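S.K.: my questions are about this predicted structure, shown below with the sequence.
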Amino acid sequence: MLTEPTLTSRHEDGWDVPLLVWRADRPLLAVSSAPLGGGIGVRNWVVNATVPMSYHRDDPAAHLAELADRLGLDGPGIGLLTGVDVAELISRADAGVRVWATVGLGTPVQAAAPELAPAGPAVPALRVGTVNIVVQVPARLGDAALVNAVATATEAKAQAIRELGLAATGTPTDAITVLCPVDGPPAAYGGPRSAWGAPLARAVHAAVLAGGAGTVVPWSDRRGA
């Protein structure tokens, strides 16, 4: 399964920028919406990397692949980006399900809002707006259950955000990753009342609620930029 995440950093644009690394002791089956390693497949590691709020690269997958190469990570993996300081990681567990989340809610949105906010000067330049969630389930999930688990995690995240008093379902750049063993009889369901979906929902809800209750500022503000 996944190791506990290691907090490290890389030197970039004159700064030591933090990132988290999870390594799997054996390959895991994953479903992810991440820029690098998204989709369904076998993965060996996960990276969650802080970037400054001035981040302007239009090739995040290539950037994350470069970071993985610098870290000596082998094989396929998953890469996430966030404006949040990843040292502010929140971890929760429930009935064998592990959840890690970095929670930035500076750009809350309703998924089905009638209009998106206009681009340009009307939008504040420095707002933390990404919730990255990594979930580990200790039992094999079937492909449909993996997809269902993503929906369950999203519902639990939205519930927590509502309880934090925000009229939002998330942010425009949220990402979710769910990992499980490759072997074993596959569980057919991942919904919020299923054997694994229920603890997953509770752990995600608790992590997002705890992360959102704190005051999170952009990493660029934290470093005094």
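M.R.: Done, it's in.
S.K.: centre-most residue in this protein?
M.R.: Here the mean C-alpha position of the chain is nearest to the C-alpha of residue 132 (CA atoms, centre = their mean), at a distance of 2.1 Å.
S.K.: name all residues that make contact with it.
M.R.: 48, 80, 82, 84, 101, 102, 174, 175, 176 (CB atoms under 8 Å, 6 or more residues apart in numbering). (Glycine included, C-beta is placed from N, CA and C.)
S.K.: same deal with residue 73?
M.R.: Applying CB under 8 Å, 6+ apart, the residues contacting residue 73 are 21, 23, 44, 45, 47.
S.K.: what's the single longest helix in this structure?
M.R.: helix 143-163 (DSSP state H).
S.K.: for it, name the packing helices and strands.
M.R.: Counting contacts by 3 or more CB pairs under 8 Å, 6 or more residues apart in numbering; DSSP states H and E, helix 143-163 packs against strand 15-32, strand 39-50, strand 131-136, strand 175-181, helix 197-213.
S.K.: list the buried ones in that helix?
M.R.: 145-146, 148-150, 152-161 (16 or more other CB atoms under 10 Å).
S.K.: which of the residues you listed lies closest to residue 187?
M.R.: residue 145 (5.2 Å; CB to CB).
S.K.: for that closest one, what are its contacts?
M.R.: Residue 145 touches 186, 187, 188, 189, 190, 194, 196, 197, counting by CB under 8 Å, 6+ apart.
S.K.: of those residues, buried ones?
M.R.: So, by 16+ other CB under 10 Å, the buried ones in these are 186, 187, 189, 190, 194, 196, 197.
S.K.: from residue 153, how far off is residue 100?
M.R.: 12 Å (CB to CB, to the nearest Å).
S.K.: got any ranges where this structure has weak pLDDT?
M.R.: 115-128, 215-225 (pLDDT under 70).
S.K.: for the helices and strands packed on helix 143-163, which one sits closest to residue 94?
M.R.: Nearest to residue 94, of those and by CB to CB, is helix 197-213 at 3.9 Å.
S.K.: can you point out the buried residues in that closest one?
M.R.: By neighbour count on 16+ other CB under 10 Å, the buried set for helix 197-213 is 197-209, 211-212.
S.K.: which helices and strands does that helix pack with?
M.R.: Against helix 197-213 (3+ CB pairs under 8 Å, 6+ apart) you get strand 90-94, strand 97-103, strand 131-136, helix 143-163.
S.K.: run through who's touching the shortest one.
M.R.: Contacts with strand 90-94, where a contact means CB under 8 Å, 6+ apart, come from 98-103, 199-200, 202-204, 206-208, 210-211.
S.K.: so in that sheet, which strands flank that strand, and in what orientation?
M.R.: strand 97-103 (antiparallel) (DSSP bridges).
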